[in-house]
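**Student:** Sequence and predicted structure are below.
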Amino acid sequence: MEMEQLYQRTLQVWGEQAQYDQAAEECAELIAALLHYRRAKVKEEQVIDELADVTLMLGQLSWMFGEHKVAAAVARKRKKLDALLTAAGTADA
Ligand SMILES: [Mg+2]
């Protein structure tokens, strides 16, 4: 199944609100995994699993809100980050 079909099917089966809830839940699980990883309570694989969950939900939400709009926002923020790094004198010249 292609990703777009997967996102469409997910939306049909569970609905819009459930996607927001699931995204928030997966972000919370990643937050917890990172905090536990810092204290050596979980292994790297658990962080990677949670990153995978969040990555899937970011794909789902980006598709729902408009991938071109998200890509434009990422480009805008990337440009701002580049400018901040240049001002900090740490960017590659
Ligand atoms: Mg998870």
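**Tutor:** Received the coordinates, thanks. Because the structure is a prediction, the values reported are computed rather than measured.
**Student:** Which pLDDT value does the model give Met1?
**Tutor:** At Met1, the predicted lDDT confidence score is 88.
**Student:** Roughly how far does the nearest residue to it once chain neighbours are set aside sit from Glu16?
**Tutor:** Nearest residue to Met1, sequence neighbours excluded (CB to CB, 6 or more residues apart in numbering): Arg9, at 7.3 Å. All C-beta atoms are positioned from the backbone trio N, CA, C, and that covers glycine. Distance of Arg9 to Glu16, given as CB to CB, to the nearest Å: 14 Å.
**Student:** what are the C-alpha coordinates of the host helix or strand of Asp82, in CSV please?
**Tutor:** Assigned by DSSP states H and E, Asp82 belongs to helix 67-88. Included here for helix 67-88 are C-alpha records, laid out as CSV according to Å, rounded to 0.1, in the frame of the first residue of the first chain:
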residue,chain,number,x,y,z
GLU,A,67,2.1,18.3,2.4
HIS,A,68,3.0,21.3,0.2
LYS,A,69,2.1,23.7,3.0
VAL,A,70,4.2,21.8,5.5
ALA,A,71,7.1,21.6,3.1
ALA,A,72,6.9,25.4,2.6
ALA,A,73,6.8,26.0,6.4
VAL,A,74,9.8,23.6,6.8
ALA,A,75,11.7,25.6,4.2
ARG,A,76,10.9,28.9,5.9
LYS,A,77,12.0,27.6,9.2
ARG,A,78,15.2,26.0,7.7
LYS,A,79,16.1,29.4,6.3
LYS,A,80,15.6,31.0,9.7
LEU,A,81,17.8,28.4,11.3
ASP,A,82,20.5,28.9,8.7
ALA,A,83,20.4,32.6,9.5
LEU,A,84,20.7,32.0,13.2
LEU,A,85,23.6,29.7,12.7
THR,A,86,25.3,32.2,10.4
ALA,A,87,24.8,34.9,13.1
ALA,A,88,26.3,32.5,15.7
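**Student:** mind listing what's buried in that helix?
**Tutor:** Neighbour counts over helix 67-88 (16 or more other CB atoms under 10 Å) mark Val70 as buried.
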